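Undergrad: sequence plus predicted model, see below.
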Amino acid sequence: MANAVFDRIRAARVVPVISHLPPEAAMQLGDALSAGGLPCAELTLRAPDSIESLRIMASRGDMLVGAGTVRTVDDASRAVDAGAQFLVSPGMNPPVVQWPARKNVPMIPGVATATEIERAIDEGLEVLKFFPSEALGGVPTLRTYSAIYRSLWFMPTGGVTLEKLPQYLAFDRLLAAGGSWMLGADHIRRGEFDSITELVRTTMEIVRRS
């Protein structure tokens, strides 16, 4: 895993996953995450204005910003043009993972089965998203896979909560745990960025104790 971006994600230990971020809130959310000690985010491409939000947050220059829900080569290209430093996909789609490899952009594809893991290994990948993690058995399943595929690092996402975070942090092949618990249910919509900062600080305290 000789990659500076992956090293930064692994140092963070958690990655906030943002499913909808209005462009007008992008700078404030960046401030809130950074103030809490976590200048990192994955913005999913699930809304028409996601690319613009990504562009605004990436323009700060002080955060590690990636794009999630990358499902097509066009998604990948637009995200990188907007400033994404890494890409995350929900599944293992060979053309979608091959394009970033040619551009030297870190890609973390989603896997759920041993067959998908082996397909990713065939593509030369060492870092995989395990999704949806809790629905697939969470940490016990990850430990089973990592006992077989010992060179891999995983970023589990889907059902990870603050309460379950310590279990994931104890997994020795964890790149980072991805989730949205740090954002609260409606804090972005309500403009409650101080509350987000406090949730991030609570999360990072758990990381420090682990």
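TA: Looks like it came in fine. Residues are numbered from 1 along each chain as shown.
Undergrad: isn't there a strand covering Pro16?
TA: Yes - counting by DSSP: H, G, I helix; E, B strand; the rest coil, Pro16 is found in a strand.
Undergrad: which parts of stretch 109-116 are buried?
TA: Pro109, Gly110, Val111, Ala112 (16 or more other C-beta atoms under 10 Å). C-betas here are computed from N, CA, C, even on glycine.
Undergrad: return the subset of these lying in strands.
TA: Gly110, Val111 (DSSP state E).
Undergrad: and of the buried residues of stretch 109-116, the nearest to Arg119?
TA: Val111 (8.1 Å; C-beta to C-beta).
Undergrad: what about Ala82, how many neighbours?
TA: When neighbours are defined as other C-beta atoms under 10 Å, Ala82 has 21 of them.
Undergrad: ok, now which ones touch the residue nearest to Ala112 when sequence neighbours are not counted?
TA: Excluding the flanking residues, the one nearest Ala112 by C-beta to C-beta, 6 or more residues apart in numbering is Leu136, at 5.7 Å. By C-beta atoms under 8 Å, 6 or more residues apart in numbering, the residues touching Leu136 are Ala112, Phe130, Gly158.
Undergrad: surely Asp7 is in a helix?
TA: Yes - per three-state DSSP, Asp7 lies within a helix segment.
Undergrad: residue ranges of the helices in the protein, please?
TA: Per DSSP state H, the chain carries helices over the ranges 4-12, 26-35, 50-58, 73-81, 94-103, 114-122, 138-148, 165-169, 187-190, 193-209.
Undergrad: go through the first one and flag the buried ones.
TA: Of the residues in helix 4-12, those scored as buried under the neighbour-count criterion (16+ other C-beta under 10 Å) are Phe6, Ile9, Arg10, Ala12.
Undergrad: likewise the last one?
TA: In terms of neighbour count (16+ other C-beta under 10 Å), helix 193-209 has its buried residues at Phe193, Ile196, Thr197, Glu198, Leu199, Val200, Thr203, Met204, Val207.
Undergrad: returning to that earlier point: what's the closest of the contacts of Leu136 to Ser19?
TA: Closest approach to Ser19 among those (C-beta to C-beta): Gly158, at 11.9 Å.
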